[in-house]
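Trainee: can't give you the sequence, but here's the structure:
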């Protein structure tokens, strides 16, 4: 019995150390929590105020349990809010952990409607939904601005800005030091570019990203700009290959963007990025494309 208790204690201590090592304080009372540095896992944010804690992004039940443990290692303030960035299962599971802790779970109405239509055993529906382009949460002396970015990736995509710290939390739309995710699932490329430009106009300097290859716990608005430029550079490279007469099906493998060679997954995912962007360009309209650049005959032959 004593041996089992010792093993349990050692196991808990080891797990606690792992969780502690996954917490970064990035500003006064602001923390990033998630995967080890350099691992392209999932990162959440939490903010401690004198009236309670605001947590952003539950991911799944294990991540949420660890996140709650990380919060408890920092403060005994109650968790007042859990905020969702968007609808996708890989970000929106795990809310039950926070509900049981007494938190109010919130998401944009577009995300909530999708969650209702596509339930998951590890996902609970938010307690409250908000609508429109902007909603603010004020807790203690902290203001969190919720900005609905609209069609770009998934549904209900929300960017969070901490007004006082001029810091943002951005999910999926930007992954610093990495090319776009594989075939870029559930992204609208044209609207994504619009969304990135809109995010650049928000009032923040630093940012926590849900995914990053950077060893630094904080990124910046420059990472948003680089993502927008990367997509644009792929588009321009596609047009250049078309003008050279490169066969449609060979264009993705012909593209080379030396500026980004140091980014993670460059060799593996750049052709997939190019295929997705090229096919979406083919659907149009892109006014700056050559006339009939990707008509049906070009695609088939």
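Mentor: Okay, I see it. Predicted model only: the values in this text are computed from it and were never measured.
Trainee: tell me the contacts of the closest residue to residue 132 other than its chain neighbours?
Mentor: Leaving aside its sequence neighbours, residue 132 sits nearest to residue 148 (CB to CB, 6 or more residues apart in numbering; 6.8 Å). For the C-beta atoms, the positions are set from N, CA and C on the backbone; glycine is no exception. Residues in contact with residue 148 (CB atoms under 8 Å, 6 or more residues apart in numbering) are 108, 110, 132, 133, 134, 135, 156, 157, 158.
Trainee: now residue 148. Its backbone dihedrals?
Mentor: phi -80, psi 120 (degrees, to the nearest 10).
Trainee: could you give the bridge partners of it?
Mentor: residue 158 (DSSP bridges).
Trainee: which of the contacts of residue 148 tops the neighbour count?
Mentor: Greatest neighbour count in the contacts of residue 148, by other CB atoms under 10 Å, goes to residue 108: 28 neighbours.
Trainee: helix, strand or coil for the closest residue to it other than its chain neighbours?
Mentor: Excluding the flanking residues, the one nearest residue 108 by CB to CB, 6+ apart is residue 156, at 3.4 Å. The three-state label given to residue 156 by DSSP: H, G, I helix; E, B strand; the rest coil is coil.
Trainee: was I right about residue 156 contacting residue 106?
Mentor: No: using CB atoms under 8 Å, residue 156 is not in contact with residue 106, being 10.6 Å away.
Trainee: mind checking pLDDT for the closest residue to residue 212 other than its chain neighbours?
Mentor: Nearest residue to residue 212 in three dimensions, chain neighbours excluded: residue 176, at 4.6 Å (CB to CB, 6+ apart). On the pLDDT scale, residue 176 is placed at 97.
Trainee: what does residue 279 give?
Mentor: 92.
Trainee: that one should be in a helix, yeah?
Mentor: Yes: under three-state DSSP, residue 279 falls within a helix.
Trainee: next, count neighbours for it.
Mentor: 15.
Trainee: next one: the one 4 residues further on
Mentor: The burial metric for residue 283, expressed as a neighbour count using other CB under 10 Å, is 10.
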